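Student: Predicted model follows, preceded by the sequence.
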Amino acid sequence: MSAGDGAPRRLVDLVIEEEGWLDAVPDIEALAERAARMALDGAGIAADCYEIALLACNDDRIAALNADFRGKPKPTNVLSWPAFDLAPGTAGATPAAPPAGRPDAPVALGDVAIALQTMRREAEDASIPLKDHAIHLILHGCLHLLGFDHESEQDAALMEGIERRQLVAAGIADPYSEGDAAQPPVS
């Protein structure tokens with residue numbers, strides 16, 4: 001099903017809680033859609049059959065969420081709440097596929113929150129474009145919804161491999177390169 005004008009159905013339901021996002025990343029809606037589709041594409045999943053909720057918030061809000069859900073009362077760059085436990089039982093294995101959705105009955109994959117101030121600080125510290133870092137963080141958060149993580153070296157290699165391929169294909173520098181332009185780690 002399309003948006004009615006021939007365009008694909010929106011994957012991301014974006015809530016902008018921090019108004020500063022509109023100045024920092026005026027095209028945050030299109031950027032979020034692009035990054036989420038990159039994640040699903042990288043995992044081999046049809047984006048038009050799913051939905052993702054994204055909260056664009058500030059450091060205070062993400063610190064409260066981090067405290068509530070992870071017991072860490074401090075800001076972080078991105079948090080994810082998967083709707084399904086898709087994690088594989090073996091380190092480095094591919095996560096299970098999410099339940100099948102359809103374009104006319106998409107399945108909600110979960111929620112992602114991203115903090116403007118932390119993201120901006122990390123981008124400035126690493127001398128990378130703010131938009132590039134935002135795409136990376138949203139891509140990363142969406143991969144968590146799909147059962148990917150970085151708890152073991154094998155899992156990190158799998159997840160980072162998808163991120164690298166998708167970002168480089170989009171013309172964004174490899175975030176895990178050892179060069180000066182490497183992006184800061186995501187949590």
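Tutor: That came through fine.

Student: Only C-alpha atoms from now on, for both contacts and neighbour counts.
Tutor: Noted.

Student: For the most centrally placed residue in the chain, which residues are in contact?
Tutor: With distances taken as CA atoms, centre = their mean, residue 138 lies nearest the centre of the chain, 2.4 Å away. Residues in contact with residue 138 (CA atoms under 8 Å, 6 or more residues apart in numbering) are 32, 35, 36, 78, 112, 114.

Student: what about the spatially closest residue to residue 78 that is not a sequence neighbour, helix or strand, and which?
Tutor: Distance criterion CA to CA, 6 or more residues apart in numbering; nearest residue to residue 78, sequence neighbours excluded, is residue 114 at 4.5 Å. Using DSSP states H and E, residue 114 sits within strand 107-115.

Student: Show me the strands paired with that strand, marking each as parallel or antiparallel.
Tutor: When pairing is defined by DSSP bridges, strand 107-115 lines up against strand 50-57 (parallel), strand 78-82 (antiparallel).

Student: Mean neighbour count added to the ones you listed, as JSON lines?
Tutor: Output for the strands paired with strand 107-115, formatted as JSON lines (neighbours: other CA atoms under 10 Å):
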{"stretch": "strand 50-57", "mean neighbour count": "22"}
{"stretch": "strand 78-82", "mean neighbour count": "22"}
